Every structure is written in C-alpha cells, then in structure tokens.
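Chemist: Just the structure for this:
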Amino acid sequence: MSAALRNVTAITLFVDDLERSRGFYRTVTGLDPMYQDEDSAAFKFDNTIINLLRTAAADEVVAPSPVAASGLGARCLYTVSVDDTDAAIARLAELGVPLLNGPIDRPWGLRTAAFADPDGNVWEVAQELPAPAPTPAPAPAPTVAG
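Modeler: Take a look at the predicted model:
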C-alpha cells in the first residue's frame, strides 16, 4: 500500500435519522459536531472524523454501488482505545447505551466491550491488558554423580 493510503482521516456512517444519530454521538462522545448541515454531521476525534450522512444522501458517495439497508446485521466494527474498559462501559450504562457483548478479555491482549449506535454501526471499546508474566523455566533435573 502506498504511503498516501495509510492515514485514515474520516469514516462516514450512513444513518437513517440524522437528528437521532447526531444526538447519540453528541451524548456518547461529549463532542459537538465540527460541521453539520441538513444531510450530515461531522465529529472530530483526535485523528479521525466520524461523519454521519443521511442514508438518503449517501448514494452520490458510493455510486454505482447501492446503499445497503440498515438493520441487516453488522458489517464492520470500529474500535476506540480506552484506558479502562470497565469505566467506559459504566459511562455507557449511565447514558442508557446497551452493550452487545463484553466485557471480555480477548486472547490477543485486549479487554473489550461492544455497543451499537441507533443505525446498527458497531463500536468497541478496548483496553490493552498487561502482558502476562513469563512462565519460569523448569529447574534442571539433578544429576547423579557416578
């Protein structure tokens, strides 16, 4: 992959009800949109913009592919790094956001939990777990002098 394609700057999510989704993201992230109009709302995170685009306006950005209907199941997962997964899900619970799964300690070293936005886009919060302590090598068997 060329260097020009290695920096993800924006992810656009197609949403059925822009007002509902804008409210969800404003509540969950604590951010106000950096840009908004009648068809979209863009939220600026540290290194990425999450753009909410009304499904009815999405055809022009994916043509000639059709825009798939929401609610047919997960097609992707977006992961957000957090310092403490349990604290993050406690905050989501305070906001009334139900979890899809978790918290789960994954074999690849993350503690994760997943939730969905109102349009079925799935998000995961993930905390890096401390590396397991190395297993000590077994003591050598005693040798018998003979």
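
Chemist: in the helix ranked longest in the chain, what's buried?
Modeler: Secondary structure of the chain per DSSP state H: the longest helix is helix 18-29. Buried residues in helix 18-29, defined by neighbour count with 16 or more other CB atoms under 10 Å: 18, 21, 22, 24, 25, 28. C-beta here means a position set from N, CA and C on the backbone, and glycine is covered the same way.

Chemist: just the helices in this structure please.
Modeler: Going by DSSP H, the chain shows helices at 18-29, 59-62, 85-94.

Chemist: contact partners of the shortest one?
Modeler: By CB atoms under 8 Å, 6 or more residues apart in numbering, the residues outside helix 59-62 that reach it are 12, 53, 66, 67.

Chemist: Worst mean pLDDT across the helices and strands of the chain, which element?
Modeler: In the chain, no helix or strand scores lower on mean pLDDT, DSSP states H and E than helix 59-62, which sits at a mean of 82.

Chemist: about what we covered before: same list, the contacts of helix 59-62, but as JSON lines with neighbour count please.
Modeler: JSON lines is the format used below for the contacts of helix 59-62 (neighbours: other CB atoms under 10 Å):
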{"residue": "12", "neighbour count": "15"}
{"residue": "53", "neighbour count": "21"}
{"residue": "66", "neighbour count": "9"}
{"residue": "67", "neighbour count": "15"}
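
Chemist: Out of those residues, which sit inside strands?
Modeler: By the criterion of DSSP state E, membership of the contacts of helix 59-62 in strands covers 12, 53.

Chemist: ok, the contacts of helix 59-62 vs residue 114, which is closest?
Modeler: Of all the contacts of helix 59-62, residue 12 has the smallest distance to residue 114: 20.3 Å, by CB to CB.

Chemist: can you tell me which residues contact that closest one?
Modeler: 51, 52, 53, 58, 61.

Chemist: One more pass at 10 Å, please.
Modeler: 40, 42, 49, 50, 51, 52, 53, 58, 61, 62 (CB atoms under 10 Å, 6 or more residues apart in numbering).

Chemist: Residue 103 now?
Modeler: 85, 86, 88, 89, 111, 112, 113, 114, 125, 126, 127.

Chemist: Quick check: PyMOL command selecting the buried ones in the contacts of residue 12.
Modeler: Here is the PyMOL command that selects the buried residues among these (16+ other CB under 10 Å):
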select buried, resi 40+42+49+50+51+52+53+58
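
Chemist: Alright, calling it a day.
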